[in-house]
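*Asks:* Kindly generate the corresponding structure for this input.
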Amino acid sequence: MPERTDYKPGTPSWVDLASPDPDGSARFYGGLFGWDAPEGGPVEETGGYRMFRREGKNVAGLGPTQAEGQPAMWTTYVSTDDAEAVAGKVREAGGRVMMEPFDVLAAGRMAVFVDPGGAFICIWQPLDHHGADVVNEPSSFCWNELATRTSTGRRRSTARSSAGTARRTPTATPRTRSGSSAAARSAA
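*Replies:* Numbers count the residues shown, from 1 in each chain. The predicted model follows:
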């Protein structure tokens, strides 16, 4: 099992699910991937956030949605060693800082950004929590991808489906394996 204890800046290091029904999501992903999702610390401190675990190793996060009517969504976090510097780069590149860098207990610092096309991405500056303990294995995260309706400034690319057939996707960005995204590296 490829276990991780750190991630270089610019590497996707964590994913989490915001769900309107965290317990239902825990049951679903438990049945689908064999993940367990033990309760996190006190809700007053954690906001109900907890870890999906596989064989005792952290593979993803799970928490409640933050607003009434918000749909469930997965979020990718890219590792950095300087959250404030990345926030500055986001502004310079024409993106928006939706949540300024802030501390997440003793786990690390995070921030939320929106790119010019409207896609959200987060960064993670690790302290006690480095990111996923296991990646690139069955039932762990191994691929991050941007899907957007905005194609302005993006090139057409050919992507391979899981069946291996090529299809043209006019709004796709180049697909990369976790840790190999040039765009993510340059943001960190």
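*Asks:* give the contact list for the residue sitting nearest the centre point of the chain.
*Replies:* Nearest residue to the geometric centre of the chain (C-alpha atoms, centre = their mean): Thr76, 1.3 Å. Going by C-beta atoms under 8 Å, 6 or more residues apart in numbering, Thr76 touches Pro12, Trp14, Val15, Ile121, Cys122, Asn144. Where you see a C-beta, it was placed from the backbone N, CA and C, and this is true even at glycine.
*Asks:* Kindly report the same for Glu39.
*Replies:* Glu39 neighbours (C-beta under 8 Å, 6+ apart): Arg50.
*Asks:* if we take the contacts of Thr76, which one ends up nearest to Tyr29?
*Replies:* Comparing the contacts of Thr76 against Tyr29 with C-beta to C-beta places Val15 closest, at 11.6 Å.
*Asks:* a strand runs through the closest one, doesn't it?
*Replies:* Yes: judged by DSSP: H, G, I helix; E, B strand; the rest coil, Val15 forms part of a strand.
*Asks:* excluding its backbone neighbours, what's nearest the residue nearest to the centre of the chain?
*Replies:* Excluding the flanking residues, the one nearest Thr76 by C-beta to C-beta, 6 or more residues apart in numbering is Asn144, at 4.9 Å.
*Asks:* So in terms of bridging, what pairs with the one you found?
*Replies:* Thr176 (DSSP bridges).
*Asks:* shouldn't it be in contact with Pro12?
*Replies:* Yes: using C-beta atoms under 8 Å, Asn144 is in contact with Pro12, at 4.7 Å.
*Asks:* Which of those two has more residues huddled nearby?
*Replies:* Pro12 (26 against 20; other C-beta atoms under 10 Å).
*Asks:* phi, psi of that one?
*Replies:* phi -60, psi 130 (degrees, to the nearest 10).
*Asks:* And Thr5, how far from Phe52?
*Replies:* Using C-beta to C-beta, to the nearest Å, Thr5 is found at 18 Å from Phe52.
*Asks:* So if I had to pick from those two, which one is more boxed in?
*Replies:* Phe52 (26 against 7).
*Asks:* That concludes my questions; thank you for your assistance.
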